[in-house]
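Q: sequence-free structure coming up:
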């Protein structure tokens, strides 16, 4: 076996063989390489803290097999209309008081209507007025909608690839993998920072995990944020009862993501309630440097703030401070 050289320059031409070689390294060697790359690009003892709020819950037309918000599955989730502006602003202010620097808003839509977008733009502007970064995930976007979000000052748009192109059809049939790539292109061309990652533990193979990371790493420009989710199994969805991903395989995926995308924030996202403190510590060592703060992630659980603060204290990790002026300069004009 050849050995992929230890480099941390940004590349967009990773071969599948190179990525699979990384996955197959001895665990200690892989983590050492990932930590080395991480230290060259980030403070290894600081973690970005964001908060995620569901601003419109349930009744989604998509059939994502993992999601409690699909109208096709009986998960017991109550449907809610788009939240009022005042409620969203109050939630953002509370998150800021607890140390969050980015406020993310998610709506269960296949794609937003222009009228929907008008109301979301009001929310973006209100949250930015609190001095926080903003991120939204609204489904598929047209080019003109992406430009409207840019003009509103949106910092980040989240649109995950979820899995490999080859496994994708086993999870979702109501939109294509190319649809997702097209939305990411519209967001990038509008000058908004990209947040894109995937979900592990849906029955995919190790090759699928490598292919998903290859797709992300070989985008024309790496996503600024790469959320890696561990499947949260929801009763009533097709993926409920799936075999959980092996913990060390999950940590390996974090490490490979760090090596492939050395300057991206790698977010330890959904599934942290299923992880021990020791597993999370391994993920931070492997290069994860972003989490969601607060006891809810859209419709699933998340460790509470006190629990995260206690873990940070045990690990000697500090929350990353926000410099909006610096961030505006690096997001392609999205923040003006």
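A: In hand now; what should we look at? Bear in mind the structure is a predicted one, so any value in this text is a computation, not a measurement.

Q: residue ranges for the helices of the stretch 51-200 of the chain, please.
A: Remark: helices assigned in the stretch 51-200 of the chain by DSSP state H, counting those that start in this stretch are 85-97, 114-128, 143-151, 177-190.

Q: These into CSV, with extra columns for mean pLDDT, mean neighbour count and distance to residue 308?
A: Heads up, the C-betas are built off the backbone N, CA and C, glycines and all. As requested, the helices of the stretch 51-200 of the chain are exported to CSV (pLDDT from 0 to 100; neighbours: other C-beta atoms under 10 Å; distance: least, C-beta to C-beta, whole Å):
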stretch, mean pLDDT, mean neighbour count, distance to residue 308
helix 85-97, 88, 16, 13
helix 114-128, 91, 18, 21
helix 143-151, 94, 18, 29
helix 177-190, 94, 19, 29
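
Q: Please verify my assumption that residue 127 contacts residue 91.
A: No - in this structure residue 127 lies outside contact range of residue 91 using C-beta atoms under 8 Å: 9.3 Å.

Q: joint contacts of the two?
A: For the pair residue 127 and residue 91, residues contacting each of them under the criterion C-beta atoms under 8 Å, 6 or more residues apart in numbering are residue 103.

Q: burial measure for residue 273, as a count.
A: Summarising burial for residue 273: neighbours were counted as other C-beta atoms under 10 Å, giving 15.

Q: Please report the distance of it from residue 52.
A: Note on residue 273: its distance to residue 52, by C-beta to C-beta, to the nearest Å, is 14 Å.

Q: All the strands of the chain, residue numbers only.
A: Secondary structure of the chain, counting by DSSP state E: strands at 46-56, 102-107, 133-137, 156-158, 193-195, 198-200, 225-230, 265-268, 290-292, 296-297, 300-301, 318-319.

Q: Report the mean per-residue pLDDT for stretch 201-213.
A: The pLDDT scores in stretch 201-213 average 95.

Q: That one: which residues count as buried?
A: 201-202, 204, 208-213 (16 or more other C-beta atoms under 10 Å).

Q: Among those residues, which are located in helices?
A: Under the assignment DSSP state H, the buried residues of stretch 201-213 contribute 208-213 to helices.

Q: any weak-confidence spans in the stretch 1-150 of the chain?
A: With pLDDT under 70 as the threshold, the stretch 1-150 of the chain has low-confidence stretches at 1-8, 58-59, 61, 68, 70-80.

Q: mind running it again at 80?
A: Counting by pLDDT under 80, the low-confidence segments of the stretch 1-150 of the chain come to 1-9, 56-65, 67-81, 98-100, 108, 110.

Q: How far does stretch 219-229 stretch from one end to the other?
A: 20 Å (C-alpha to C-alpha, to the nearest Å).

Q: swap in stretch 35-48?
A: 17 Å.

Q: ok so, going back, out of the strands of the chain, which is closest to residue 96?
A: The closest approach between residue 96 and any of those, judged by C-beta to C-beta, belongs to strand 102-107 at 7.6 Å.

Q: neighbouring strands for the closest one, and are they parallel or not?
A: Pairing partners of strand 102-107, with direction, according to DSSP bridges: strand 46-56 (parallel), strand 133-137 (parallel).

Q: how many degrees apart are it and helix 114-128 in direction?
A: Angle, strand 102-107 to helix 114-128, by axes from the mean of the first three to the mean of the last three C-alpha atoms, to 10 degrees: 160 degrees.

Q: buried sites along strand 102-107?
A: The neighbour-count check on strand 102-107 (16+ other C-beta under 10 Å) flags 102-107 as buried.

Q: Report the distance from stretch 250-264 to the chain centre.
A: Its chain's average C-alpha position is 13 Å from that of stretch 250-264, according to C-alpha atoms, centre = their mean, to the nearest Å.

Q: nope, stretch 41-59 is what I was after
A: Using C-alpha atoms, centre = their mean, the distance from the centre of stretch 41-59 to the centre of the chain it belongs to is 8 Å.

Q: go on, stretch 182-189?
A: Offset of stretch 182-189 from its chain centre (C-alpha atoms, centre = their mean): 16 Å.

Q: what's that stretch in contact with?
A: For stretch 182-189, the external contacting residues (C-beta under 8 Å, 6+ apart) are 140-143, 145-146, 157, 159, 194, 196, 219-221, 223, 332.

Q: repeat for stretch 125-139
A: With C-beta under 8 Å, 6+ apart as the contact definition, stretch 125-139 has outside contacts at 50, 62, 85, 88-89, 92-93, 95-96, 100-107, 109-112, 116-117, 120, 124, 149, 152-159, 195, 225, 322, 324, 327.

Q: Pull out the buried residues from stretch 21-36.
A: Across stretch 21-36, burial judged by 16+ other C-beta under 10 Å covers 21-23, 25, 30-31, 33-35.

Q: what does stretch 45-55 give?
A: Within stretch 45-55, the residues that qualify as buried by neighbour count (16+ other C-beta under 10 Å) are 47-55.

Q: could I get those residues as a markdown table with distance to residue 308?
A: Rendered in a markdown table, the data for the buried residues of stretch 45-55 read as follows (distance: C-beta to C-beta, whole Å):
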| residue | distance to residue 308 |
| --- | --- |
| 47 | 9 |
| 48 | 12 |
| 49 | 8 |
| 50 | 12 |
| 51 | 11 |
| 52 | 14 |
| 53 | 17 |
| 54 | 20 |
| 55 | 23 |
